[in-house]
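Participant: Fold the following for me, if possible:
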Amino acid sequence: MKKHNFYAGPSIMSQYTIRNTADAVIDFANTGLSILEVSHRSKEFQAVMDEAQALVKELLEVPQGYSVLFLGGGASLQFAMVPYNLLKNKAAYLDTGVWAHKAIKEAKLFGEVDVVASSEDKNYNYIPRDFVIPADADYFHYTTNNTIYGTEIRKDPETPVRLVADMSSDIFSRPVDVARYDLIYAGAQKNLAPAGATIVIVRDDAVQAPCRPIPTMLNYKTHIDKGSMFNTPPVLPIFSALQTLRYYKELGGIKVLEKMDLEKAAMLYEAIDGSRIFQATVPDHEDRSIMNVCFVLKPEYAELEKQFMEFATSKGIVGIKGHRSVGGFRASLYNALPLESVKVLVDAMKEFQDKL
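Facilitator: Numbering: from 1, shown residues only. As a prediction, this is how the structure comes out:
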């Protein structure tokens, strides 16, 4: 039976990426060696790194004066690296979920943190508005997409200070005005590659003169100067990332991906909103994520949650169990997920409802 993969991360990858990575595991670039064993210092892998960095810049239209880095440690390491490098006196943070909350916790180790707004009061089911970013903050940090709660900020905010964003779960799903940002970071395991690599897009002059001594590995300048080759990079995930980036370019780029993602999300939200047994957990349509659609059974049908999960599984649908802090269901609609899979889920929801 064909599987329809809605896992939140690690998540679905395109067959293009899977096939090309599988081939390279056997023989990488006609070297007679596997990508698993090739030296990261070889000219063949250097070409992979160079092309991957160039394609990120091309697809996201990254302006001059920025570097693209491939680092380890996931977004969780970036929670500490960002303030270590950028927080001199005070930073402003928007609290929209677990990952934003974790970033705030790390930043407090390095200086004052002004949490300008939070949606914790309603279990993070909305995006705060009308908050004020202090003009004396060293930077403003926000999380663009909240995988657990299904909210998303899809417009680059206007800020009076430097801008930093965690785009781990929606990067490459919409155009981004990179020039507004000093730093963007994203774990690869959502829209790009297997877990193990993190993309950082950083404005070079923002990290040239850190305000404190920084350990070599945690200093962005180290990785800029060495082209992400200061230490052994995560070779396999970077190779897979290159395949995905090539695939995105072949499809037509970010605007084409955004159109596809909007279509998938609209189909699923329409089915949820039109259902007599399901309901979305994010009430405001403007705040709803197009990457992670969270929904539950209405209270009078709540006892059927396990039954629907089993029914969905029988249809080849996997990965839709909601996070424990929200419950219900979560369908992650990352770039690699085909429209066909969304149709299968929508049909399963309708069939299950009709049986009641």
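Participant: which residues in the chain form helices?
Facilitator: 15-26, 43-60, 74-86, 98-107, 220-225, 235-251, 254-273, 305-314, 339-354 (DSSP state H).
Participant: Mean neighbour count and distance to Ile214 for the ones you listed - can I get that in JSON lines?
Facilitator: Where C-beta positions appear, they are placed from N, C-alpha and C, glycine not excepted. Shown next, in JSON lines, are these (neighbours: other Cβ atoms under 10 Å; distance: least, Cβ to Cβ, whole Å):
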{"stretch": "helix 15-26", "mean neighbour count": "16", "distance to Ile214": "34"}
{"stretch": "helix 43-60", "mean neighbour count": "18", "distance to Ile214": "23"}
{"stretch": "helix 74-86", "mean neighbour count": "22", "distance to Ile214": "6"}
{"stretch": "helix 98-107", "mean neighbour count": "19", "distance to Ile214": "14"}
{"stretch": "helix 220-225", "mean neighbour count": "19", "distance to Ile214": "8"}
{"stretch": "helix 235-251", "mean neighbour count": "21", "distance to Ile214": "24"}
{"stretch": "helix 254-273", "mean neighbour count": "17", "distance to Ile214": "33"}
{"stretch": "helix 305-314", "mean neighbour count": "15", "distance to Ile214": "47"}
{"stretch": "helix 339-354", "mean neighbour count": "16", "distance to Ile214": "44"}
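Participant: quick one: the nearest residue to Met1 once chain neighbours are set aside from Gly328, how far?
Facilitator: With Cβ to Cβ, 6 or more residues apart in numbering as the criterion, Met1 has its nearest non-adjacent residue at 4.6 Å, and that residue is Gly316. Between Gly316 and Gly328 the computed distance is 20 Å (Cβ to Cβ, to the nearest Å).
Participant: just Ala165 next, same as before
Facilitator: 27 Å.
Participant: how about the most centrally placed residue in the chain, what does it touch?
Facilitator: When Cα atoms, centre = their mean is applied to the chain, the residue found nearest the centroid is Ser169 (1.7 Å). By Cβ atoms under 8 Å, 6 or more residues apart in numbering, the residues touching Ser169 are 8-9, 144-147, 186-187, 190-191, 291-292, 334.
Participant: ok, the residues you listed vs Gln243, which is closest?
Facilitator: Of all these, Asn191 has the smallest distance to Gln243: 13.0 Å, by Cβ to Cβ.
Participant: Quick check: phi and psi on that closest one?
Facilitator: With angles defined as degrees, to the nearest 10, Asn191 sits at phi -120, psi 20.
Participant: Which pLDDT value does the model give the residue nearest to Met1?
Facilitator: With respect to pLDDT, Gly316 scores 98.
Participant: With the one 10 residues further on instead?
Facilitator: Model confidence at Val326, expressed as pLDDT, equals 92.
Participant: For it, the count of nearby residues, please.
Facilitator: 18 (other Cβ atoms under 10 Å).
Participant: Over to the one 3 residues further on?
Facilitator: Phe329 has 25 neighbouring residues, counting by other Cβ under 10 Å.
Participant: Same check on Asp121?
Facilitator: 9.
Participant: Then Arg174?
Facilitator: Based on other Cβ under 10 Å, the number of other residues close to Arg174 is 21.
Participant: With adjacent residues omitted, what lies nearest to it?
Facilitator: Glu258 (4.8 Å).
Participant: Pull the contacting residues for the one you found.
Facilitator: Glu258 touches 173-175, counting by Cβ under 8 Å, 6+ apart.
Participant: and which of those is nearest Val342?
Facilitator: Ser173 (14.8 Å).
Participant: thinking that closest one is in contact with Asn191, fair?
Facilitator: Yes: contact criterion Cβ atoms under 8 Å: Ser173 and Asn191 qualify, at 6.5 Å.
Participant: Name the residues contacting each of the two.
Facilitator: Common neighbours of Ser173 and Asn191 (Cβ under 8 Å, 6+ apart) are 291, 334-335.
Participant: ranking those residues by neighbours, who comes first?
Facilitator: Of these, with other Cβ under 10 Å as the count, Met291 tops at 30 neighbours.
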